[in-house]
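Enquirer: Task: produce atomic coordinates for the following.
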Amino acid sequence: MQAHNALMSFRTILIVGGGFTGTVLAARLLRESHAQPTCIILVERQEEVGRGLAYAKHDFPYLLNVPAGQMSADPENPTEFLEFAQQQGVSATADDFLPRRLYGEYLSAKLKAAARNPSPGTQFLRIHGEVVRIRRVSQSGKSSWSVGLGDGRSLSADTVVLALGNPPPRKLHRCELDPWRAAEEVQPGQSVLLVGTGLTMVDVALRLSTVPGVALTAISRHGLLPRAQTAFTRRTMCDGGELLDSPVSLLALVSRVREQARAAVAAGRDWREVVTQVRACAPALWRRMSLEDRSRFLRHVRAYWDVHRHRLPAETAARIAQLEAEGKLQVHAGRIREIRRVDRGPCVIWYRRGALQSEILRVDHVVNCTGPDYRVRQSPEPLIRSLLRAGLIRPDPLELGIEVDPSGEVIDARGRPVPRLYYVGPMLRARDWEATAVPELRRHVAALARRLTAEATVKLPKRSPALAALGFEIDRPR
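Expert: Numbering: from 1, shown residues only. Purely as a prediction, here's the structure:
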């Protein structure tokens, strides 16, 4: 009972999701000074925090697509990840592309260090479970959140942060393989269709290329592959003011960016400088665009932006080019009309880009490499479906994610901010477009942490059950 009363004297911030955003937010909140004693609760369905899908443990050495010197989770300490890698005995420089598995270890270590030495008056609980329901409860005129887990347990919190990462891809057909488990199913000499030609396809192609005799075919609407990274000099970039000062129509913006890229190359510089410049001011540009221009961007420009923006390490790009040159990977622009399951395996009916006549492709396996499906209304996740039914979240008109206000509070079905229910993560792309990579996400996390540390809240209802009594798994710093 004493432990229960002690917990009830704390303001409680509950974070749903222990991937990059949830882990980094918890670590920041543990080290910040709060306006009142605070208990940080992190709920994650995976056994380990800090990994998610992006930094999971795999037997294949998938590389980060960004150099180590730009991957710090702390914007105030830009070399933190590089220093961590060096402390682990990795001989690395700021320009090296390191394994994603190592990055997951870095995030986990960052949280553990913060939990071992939190700021005065701050406590940390890590709960292993899946949140499936969130609802508001009121007592004596004061409200809090009731958070239900999939095993029937529940707990209360003053503030809830949805730190939900990338959603799963949309289902193509029942015969498709999960991209991260495809290698377990594919046998030597078999043929595989990779649906999509972005970063996920590259990962799967590299992994499957280690299976002897495998024939790979990749199809996407434009058939575009991500471009290679280079060590361009960022000090030559301007701050994007010219773009922000220009009229924001899609046509004018695209023309201006192309002009700047050509000028950079003509001056002996790198077009990637211009892409990074646009990326820096993308949220402001996106918010100023009309809904019609945003829609046109998604239809006509997005594929080209993605392959120039989301780039590959040079060695990875070279390996993909080698697979193409050797005939082990064929990349096509086209659209898939249907995937049928027949006795000999999937039968794919597809059209080459611009063709009127369909073609038939018979393969042994189909791997879904289309990437995250951000259509909230189509989400298979119980929590998202529950929030939609309750009217606590609202998808944006272009189905890029969920709507939030400038502070990060979610917008409900009636268009009103929901007090003390926040979202941080890649679905902020609905508001900012560029919200899926570490440099953007760490800024969003830092801004939300500053708001939460100063937030005035009420205590939990006195009748709320103690966490320990419910049998939650509580991580202690080790």
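
Enquirer: which one is Pro283 nearest to, not counting chain neighbours?
Expert: Leaving out its chain neighbours, the residue that sits closest to Pro283 by Cβ to Cβ, 6 or more residues apart in numbering is Asp432, at 3.8 Å. In short, each C-beta sits where N, CA and C put it, glycine included.

Enquirer: Quick one, grab the pLDDT at the one you found.
Expert: At Asp432, the model reports a pLDDT of 94.

Enquirer: Got the domain ranges for the protein?
Expert: Following the assignment in automatic domain parsing, the chain carries domains at 2-62+99-168+374-470, 176-227+312-368, 234-307.

Enquirer: Redo those as a markdown table? Include distance to Phe84.
Expert: Below are these laid out as a markdown table (distance: least, Cβ to Cβ, whole Å):
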| stretch | distance to Phe84 |
| --- | --- |
| domain 2-62+99-168+374-470 | 5 |
| domain 176-227+312-368 | 19 |
| domain 234-307 | 22 |
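
Enquirer: Point out the most buried one among the ones you listed.
Expert: Of all these, domain 2-62+99-168+374-470 carries the top mean neighbour count, a mean of 19, counting by mean count of other Cβ atoms under 10 Å.

Enquirer: Please state the offset of that one from the chain centre?
Expert: Relative to its chain's centre, domain 2-62+99-168+374-470 lies at 14 Å (Cα atoms, centre = their mean, to the nearest Å).

Enquirer: What segments of the stretch 301-450 of the chain are helices?
Expert: Using DSSP state H, counting those that start in this stretch, the helices of the stretch 301-450 of the chain run over 302-309, 314-325, 382-390, 429-432, 438-454.

Enquirer: between those helices, which gets nearest to Thr79?
Expert: When those are compared by Cβ to Cβ, helix 438-454 sits nearest Thr79, at 13.7 Å.

Enquirer: Just the CA atoms of the closest one, as PDB, please.
Expert: The C-alpha trace of helix 438-454 is given here as PDB (Å, rounded to 0.1, in the frame of the first residue of the first chain):
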ATOM      1  CA  VAL A 438      16.100  10.400 -37.200                       C
ATOM      2  CA  PRO A 439      17.000  14.100 -37.800                       C
ATOM      3  CA  GLU A 440      13.300  15.100 -38.000                       C
ATOM      4  CA  LEU A 441      12.000  12.800 -35.300                       C
ATOM      5  CA  ARG A 442      14.600  13.800 -32.700                       C
ATOM      6  CA  ARG A 443      13.600  17.400 -33.100                       C
ATOM      7  CA  HIS A 444       9.900  16.500 -32.600                       C
ATOM      8  CA  VAL A 445      10.800  14.400 -29.600                       C
ATOM      9  CA  ALA A 446      12.800  17.200 -28.000                       C
ATOM     10  CA  ALA A 447      10.000  19.700 -28.600                       C
ATOM     11  CA  LEU A 448       7.400  17.400 -27.000                       C
ATOM     12  CA  ALA A 449       9.700  16.700 -24.100                       C
ATOM     13  CA  ARG A 450      10.000  20.400 -23.400                       C
ATOM     14  CA  ARG A 451       6.300  20.800 -23.400                       C
ATOM     15  CA  LEU A 452       5.600  17.700 -21.200                       C
ATOM     16  CA  THR A 453       8.200  18.800 -18.500                       C
ATOM     17  CA  ALA A 454       6.300  22.000 -18.000                       C
END
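
Enquirer: Compute the inter-axis angle for the strand or helix carrying Val43 and helix 438-454.
Expert: Using DSSP states H and E, Val43 sits in strand 38-44. Calculated by axes from the mean of the first three to the mean of the last three Cα atoms, to 10 degrees, strand 38-44 forms an angle of 140 degrees with helix 438-454.

Enquirer: neighbouring strands for strand 38-44, and are they parallel or not?
Expert: Looking at strand 38-44 with DSSP bridges, its partner strands are strand 11-16 (parallel), strand 122-128 (parallel).

Enquirer: can you redo those strands as a markdown table with mean pLDDT?
Expert: A markdown table is the format used below for the strands paired with strand 38-44 (pLDDT from 0 to 100):
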| stretch | mean pLDDT |
| --- | --- |
| strand 11-16 | 95 |
| strand 122-128 | 94 |
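
Enquirer: what ranges do the strands span in the stretch 251-400 of the chain?
Expert: Ranges of strands in the stretch 251-400 of the chain, per DSSP state E, counting those that start in this stretch, are 329-342, 345-352, 359-362, 365-368.

Enquirer: okay if I get those strands as CSV plus mean pLDDT and distance to Trp271?
Expert: As requested, the strands of the stretch 251-400 of the chain are exported to CSV (pLDDT from 0 to 100; distance: least, Cβ to Cβ, whole Å):
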stretch, mean pLDDT, distance to Trp271
strand 329-342, 94, 22
strand 345-352, 94, 29
strand 359-362, 96, 35
strand 365-368, 95, 31
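
Enquirer: closest one to His310 among those?
Expert: Closest among the strands of the stretch 251-400 of the chain, once you apply Cβ to Cβ, is strand 329-342, at 16.3 Å.

Enquirer: Show me where the chain dips below the pLDDT cut-off.
Expert: Residues of the chain that meet the criterion pLDDT under 70 lie in 1-9, 140-141, 232-242, 246-248, 456-478.

Enquirer: now the helices: where do they sit in the stretch 1-150 of the chain?
Expert: Applying DSSP H, counting those that start in this stretch to the stretch 1-150 of the chain gives helices spanning 2-8, 20-31, 80-87, 100-116.

Enquirer: closest to Ala157 out of those?
Expert: Closest approach to Ala157 among the helices of the stretch 1-150 of the chain (Cβ to Cβ): helix 2-8, 11.3 Å.

Enquirer: if we can go back for a sec, quick one: closest of the strands paired with strand 38-44 to Leu383.
Expert: Among the strands paired with strand 38-44, strand 11-16 sits nearest to Leu383 (Cβ to Cβ), with 7.1 Å.

Enquirer: And for the closest one, what's in contact with it?
Expert: 22, 25-26, 29, 34, 36-43, 131, 134, 145, 147, 155-164, 383, 452, 457, 459-460 (Cβ atoms under 8 Å, 6 or more residues apart in numbering).

Enquirer: for stretch 103-120, same thing?
Expert: Identification of contacts with stretch 103-120 by Cβ under 8 Å, 6+ apart yields 20, 23-24, 26-28, 30-34, 42, 48-51, 54-57, 64, 71, 73, 80-81, 84-85, 88, 124, 126, 475, 477-478.

Enquirer: quick check, Leu194 in a strand?
Expert: Yes. Using DSSP: H, G, I helix; E, B strand; the rest coil, the assignment for Leu194 is a strand.
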